[in-house]
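Asker: need coordinates for the following:
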Amino acid sequence: MEGILNFNEALDISLLDQVVNTFYSGSGEQQKQAQVVLTQFQGHPDAWQKADQILQNSSNPQSKFIALGILDKLITSKWKILPKEQRIGIRNFIAGMIISLCTSGNVDKNLIKKSDLTLVQILKQDWPAEWPEFITEIIQSSQSSEAVCQNNLTILTLLSEEIFDFSSEQMTQAKAMKLKTALTNEFKQIFNLCFNILSGDASKDALIKTALACLLRYIQWIPPSFIFETDIINLLSKNFLTIESTRSLALKCLTEISNLDLSSVIGNVDVQNILSTYFKQSLTSINSFMPPNNNLKEIYLTSNNSTQAFLHDFAMFLTTYLSNHRVLLEERGLSNQEEKEINLTAHSYLIDLSRINERELFKICLDYWNTFSKDLFDDMQSQISNNASNSNNTLMKLKNMEFQVSTQQGAPDPQYLMQYPLKKHIYEDLCASLRIIIIENMAKPEEVLIVENDEGEIVREFVKESDTIQLYKSEKQALVYLTHLNVSNTENIMVNKLSNQLNGSEWSWHNINTLCWAIGSISGAMSASFEKSFIVTVIRDLLVLTEQKRGKDNKAVVASNIMYVVGQYPRFLRAHWKFLKTVIAKLFEFMHEKHEGVQDMACDTFFKIVEKCKRHFITVQDKETEPYLMNIITNISDHICDLETQQVHSFYRTCGIMIADENNESQREAYLQKLMVFPNDAWTQICQLCLSDPTMLTNTETAAIVSNIVKTNLAACSSIGTFFKSQILYVHSDMFKMYTIVSKLINDAVAKDGDIATKTPKVRALRSIKKDILKLMEAYISKANDIQQNIAILINPLLQTVLQDYFQNVPDAKDAEVLKCMATVVKKVGGSIPDGVILILQSVFECTLDMITKDLTNYPEHRVEFYNLLKQINAKCFNALLQLPPAAFKLFIDSIFWAFKHNNRDIEVCGLDIALEVIEHIVKLPQNNEFVINFYQQYYFTFISEIFAVMTDSDHKSGFSSQAAVLMKLIAIVENGVIKTSIVAAGPDAMEGASNHDYLYAYMGNMLTNALPNLSTEQIISFLQSLVKQCNSPKVFNGLLRDFLVQIKEYGGDPADYLYVEEVEIEKQRKQQAEMMNAARIGGLVKPSEFED
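Answerer: All right, here's what the predicted structure looks like:
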């Protein structure tokens, strides 16, 4: 086998074929040996010189694939450094081989496809500069034979995909721009080739399909004149849409045409006529084999894959065309009944498509329905506003103001809307059908915890499906707009469907679920008056349904829906105290229901309602003698007696929300003391026992009781916040004693049994106590407003209790919660306890760093919290870092570099953020300060090299923006003259008398030259010149770096690529905020739980 590795002799092709056969068909040691030999062969730098022999003489197709793979690697990495003659020879060989394969009788389609891809890789390197006549040549060669023509179309299709779709991260922005421009200039030849084939012999089915596929790739880039000044649209909509083999591709082409940007020509009447005519013709062609109202749902279920795929394509065509040109159809329909009918027929088709039970198809339709319903809503607002503003009638203007307010507080009365010429009137029947479809297909909202599984059982859901949640949000948006358009129709549909649940005609778990999810989704979309009668009816009928249904599963489903609906209507509950009180009583009843998921959902709904109605529970209501919260707390033991531990904690957290909203301090304290009676009694008893006999804690049940009490305090503290002070002062002293006792028990176990003791149930239970105490302290400190006044009482004892213990513990017994708690301490009071911060560093820094620097994976929680702690110390107490001894400060800087290397994005980005903050702190210090001078001389260039190291590592792509920010800051402080003293001496090759600018430039040049030998000196110089020049322009700077990361993958790139930067910036966060603000103006679009109180 090793004979093929001797590159000094002619390659034995038969031996290569044997090795390849052994690898693909052999087994055992021989197969392993063949794999090793082939890997070495493909990796040899001269392997590409054997590729032509393999392709010409090998009888094994797999050998030829290997040869093409070797050429691909050469083309993508070292093509530019090959002599021009060799490049031309390789490309001519590949082109000739493709023609030969196409014209030979025995066609290997896979080999042709692979060869096509190799040719496209060459084109990306050579065309247009080194092969300007390529497009002309490929068009001319298409005349030679049908097979060659068909394959040439495939090459053109692949070229389009590579340039327009896959150029990101494979080419520099400048290179991609050049190729796009070159291809744009050649559109006419490519279009004419496709057009001639499509208008020619209709019997050449395979060639026509390939031409349609090629045309499809180019339509979005072709100037509109090619489309509207030729007969291509007529060919697509009339000839190929009725033929089963071509109709799907033809429809995709028409979809792309529908999506063209016609803003420059849409005012042209001829263009409008063509748009209308081809849409009409397309529907006529489809109508010939798939008439409207033909039960597409049934057709989809019984049809083959190609018909199902066509229905997907049809939905995409309709939604694309109507999204872009529905307004044109509506305007023409005002004076032309035929145009109006075309519009309604298209929407009728879309309604039928929406009924098909296939999620991806439904999502295509739903995206359009969202746009459609929003456009009708915007038209409604616009028409009424314009009519009122143009009117001299003061009453009309007041009515308009009332309408504008009503859309925020709920849908307007449909009778009021009848007096205006609204577009929605055209679509009333269609909208009614659409409401039913959405209601019947409503996705499950994330608040619902009880679901029907694949086996038809009602169970508790544990994993949320992000796709389902997003689908629910889209359906909710459409249904809210539809409710605003006709609230009466929405109400009637829902009430009628609920009646059908009661009479049993539509009863099923699926139907009651989707109905109630839809009812909950339109919360806020109705006016208060509509909502009152509607919700009373809904809840009344659901309660009747609860009594009517038998069986735990049926009752659990209805209970789940009651809880979801009431949780979505806090406005109604706030306005109707008696109803709210009844709902809470029903939730307390559900808390005793043992069916899986019911108790969880009852606790969650209780929390959600209280969050939005908390003021009502602490106010004395009419005909009552005390706030209802007092009743809840007084009877708390009855409410929680059947709940699981975590559900009890949720109950305490919910009570805490109400207590925190009480403004009267003495009343608030009374609530708090009464709430904590049972936990405090249990705490006092357990502390007395355990402090007198610590060995009791070695019993896992006892440890679990202690942990549970602390967790209960944590649950209450998380919602009560700063007002939890009296309780924390009550328990903290015994908590710290308990912490010390538990630590000693853990240390004794480790001393006796070694590190393995930390894995035993006993020690794990003990560690849970420590962790819960740390979580409670961290929660209180993070929320306390007056923590500065309690440093001596709480913070100092905490540090004394926790830090020495952490320092002494073996690594497996160190709790990451200590690091998180200390980060919160530093964040809240770090500036007031400089000695405490030094103590924190001395106790946790080196011992934790020693744990996490042995590898990049162990102790993941410690890693995250360690760097969060460093980030807080760096941000709040940088002066404490300045007091570290030089060796310790070096460790701090090294730890930042270690963070860069992590594949955990949170840690990497945290390290980069710390690095940027450190540099900014240093810049703010006096620049003649000795520490600052030493910092620059010792660490500046290490920062530069470490940033470049991770930036050029493909495993760290996700940290690019932070890496670029640090690098830009480093370069900017030199270029902007921030560094006042020379840093030249810090370099390995000192340049006497050189400026900081010159030395930095030379340092980066030498570093990149040594690290990236594939880049030429001209490329590196061009890159650095542009980079340094743009150190104050983040967008351009980042674009240059992205291009650099593309170019380092190949040899011999173009140095001019760095002169042009086209930055594409996505302002995602800003867009989301704007959407949220717009949605808040329309009642129902934003869920009640998403509003800030």
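Asker: identify the residues contacting the helix or strand that contains residue 585?
Answerer: Element membership of residue 585, judged by DSSP states H and E, is helix 577-590. Residues outside helix 577-590 that contact it (C-beta atoms under 8 Å, 6 or more residues apart in numbering) are 536, 539, 543, 559, 562-563, 566, 572-574, 598-599, 601-602, 605-606, 609, 613, 616, 621-622, 628, 632, 639. C-beta coordinates here come from the backbone N, C-alpha and C atoms, glycine included.
Asker: of those residues, which belong to helices?
Answerer: Under the assignment DSSP state H, those contribute 536, 539, 543, 559, 562-563, 566, 572-574, 598-599, 601-602, 605-606, 609, 613, 616, 628, 632, 639 to helices.
Asker: on that earlier part again, how distant is the helix holding residue 585 from the center of its chain?
Answerer: Chain-centre distance of helix 577-590: 38 Å, with C-alpha atoms, centre = their mean, to the nearest Å.
Asker: give me the low-pLDDT residue ranges for the chain?
Answerer: Counting by pLDDT under 70, the chain shows low-confidence ranges at 105-107, 166-172, 388-409, 450-451, 453-464, 985-991, 1049-1081, 1087-1093.
Asker: how is it partitioned into domains?
Answerer: Following automatic domain parsing, one gets these domains for the chain: 370-570, 885-1062.
Asker: just the endpoints, please. Distance across the longest one?
Answerer: Here the two ends of domain 370-570 are set 26 Å apart, with distance taken as C-alpha to C-alpha, to the nearest Å.
Asker: show me which positions of the helix or strand residue 685 falls within end up buried.
Answerer: Assigned by DSSP H and E, residue 685 belongs to helix 677-692. Neighbour counts over helix 677-692 (16 or more other C-beta atoms under 10 Å) mark 678-680, 683, 686-687, 690 as buried.
Asker: alpha carbons of it, in PDB - could you do that?
Answerer: What follows is helix 677-692, C-alpha atoms only, in PDB (Å, rounded to 0.1, in the frame of the first residue of the first chain):
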ATOM      1  CA  VAL A 677     -44.200  31.600  61.700                       C
ATOM      2  CA  PHE A 678     -44.000  28.000  60.600                       C
ATOM      3  CA  PRO A 679     -40.500  28.200  59.000                       C
ATOM      4  CA  ASN A 680     -39.200  30.100  62.000                       C
ATOM      5  CA  ASP A 681     -40.600  27.600  64.500                       C
ATOM      6  CA  ALA A 682     -39.100  24.800  62.500                       C
ATOM      7  CA  TRP A 683     -35.800  26.700  62.300                       C
ATOM      8  CA  THR A 684     -35.600  27.300  66.000                       C
ATOM      9  CA  GLN A 685     -36.200  23.700  66.800                       C
ATOM     10  CA  ILE A 686     -33.800  22.300  64.300                       C
ATOM     11  CA  CYS A 687     -31.000  24.800  65.300                       C
ATOM     12  CA  GLN A 688     -31.300  23.900  68.900                       C
ATOM     13  CA  LEU A 689     -31.000  20.200  68.100                       C
ATOM     14  CA  CYS A 690     -28.200  20.500  65.600                       C
ATOM     15  CA  LEU A 691     -26.100  23.100  67.500                       C
ATOM     16  CA  SER A 692     -26.200  20.900  70.500                       C
END
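Asker: now for it, which elements pack on it?
Answerer: For helix 677-692, the packing partners by 3 or more C-beta pairs under 8 Å, 6 or more residues apart in numbering; DSSP states H and E come out as helix 700-720, helix 725-753.
Asker: and those, which is most packed in?
Answerer: Comparing those by mean neighbour count (mean count of other C-beta atoms under 10 Å), helix 700-720 comes out on top with a mean of 22.
Asker: from residue 607, how far out is residue 646?
Answerer: 12 Å (C-beta to C-beta, to the nearest Å).
Asker: looking at the two, which is more packed in?
Answerer: Between residue 646 and residue 607, counted using other C-beta atoms under 10 Å, residue 607 has the larger neighbour count: 17 against 13.
Asker: residue 650 is in contact with the more buried one, correct?
Answerer: Yes - contact between residue 607 and residue 650 holds when scored by C-beta atoms under 8 Å: they sit 6.2 Å apart.
Asker: what residues sit buried inside stretch 661-681?
Answerer: For stretch 661-681, by 16+ other C-beta under 10 Å, it's 661-662, 668-669, 671-672, 674-676, 678-680.
Asker: residues touching it, excluding its own?
Answerer: The contact list for stretch 661-681, computed with C-beta under 8 Å, 6+ apart, reads 614-615, 618, 629-630, 633-634, 636-637, 652, 655-656, 658-660, 709, 712-713, 716, 720, 723-724, 726-727, 730-731.
Asker: what do you get for stretch 110-119?
Answerer: Against stretch 110-119 from outside (C-beta under 8 Å, 6+ apart): 61, 64-65, 68, 71-72, 75, 91, 94-95, 97-98, 101-102, 151, 154-155, 158.
Asker: swap in stretch 312-332?
Answerer: With contacts defined as C-beta under 8 Å, 6+ apart, stretch 312-332 is touched by 248, 251-252, 254-255, 258-259, 262, 266, 272, 275-276, 279, 282, 286, 290, 339-340, 342-343, 346-347, 349-350, 353, 360-361, 364-365, 367-368, 371-372, 375, 423, 426.
Asker: mark which of these are buried, thanks.
Answerer: 248, 251-252, 254-255, 258-259, 262, 272, 275-276, 279, 282, 286, 290, 339-340, 342-343, 346-347, 349-350, 353, 361, 364-365, 368, 371-372, 375, 423, 426.
Asker: returning to what we had before: quick one: closest of the domains of the chain to residue 146.
Answerer: Of all these, it is domain 885-1062 that lies closest to residue 146, at 36.7 Å by C-beta to C-beta.
Asker: ok, and the closest non-adjacent residue to residue 1007?
Answerer: Nearest non-adjacent residue to residue 1007, counting by C-beta to C-beta, 6 or more residues apart in numbering: residue 945, 6.0 Å away.
Asker: what's the first helix or strand after the helix or strand hosting the one you found?
Answerer: Assigning secondary structure by DSSP H and E places residue 945 in helix 930-951. Downstream of helix 930-951, the first helix or strand assigned by DSSP H and E is helix 960-975.
Asker: show me where the stretch 301-450 of the chain has strands.
Answerer: Along the stretch 301-450 of the chain, the segments classed as strands by DSSP state E, counting those that start in this stretch run 450-452.
Asker: in terms of secondary structure, what does the helix of greatest length in the chain contact?
Answerer: The helix that spans the most residues within the chain, counting by DSSP H, is helix 359-389. Contacts defined by 3+ C-beta pairs under 8 Å, 6+ apart place helix 359-389 against helix 305-333, helix 337-354, helix 394-409, helix 428-440, helix 466-485.
Asker: any chance of these in JSON lines, plus distance to residue 25?
Answerer: Output for the helices and strands packed on helix 359-389, formatted as JSON lines (distance: least, C-beta to C-beta, whole Å):
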{"stretch": "helix 305-333", "distance to residue 25": "33"}
{"stretch": "helix 337-354", "distance to residue 25": "49"}
{"stretch": "helix 394-409", "distance to residue 25": "71"}
{"stretch": "helix 428-440", "distance to residue 25": "55"}
{"stretch": "helix 466-485", "distance to residue 25": "42"}
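Asker: need the winner for burial among those helices.
Answerer: Here the criterion is mean neighbour count by mean count of other C-beta under 10 Å, and of those the winner is helix 466-485, at a mean of 21.
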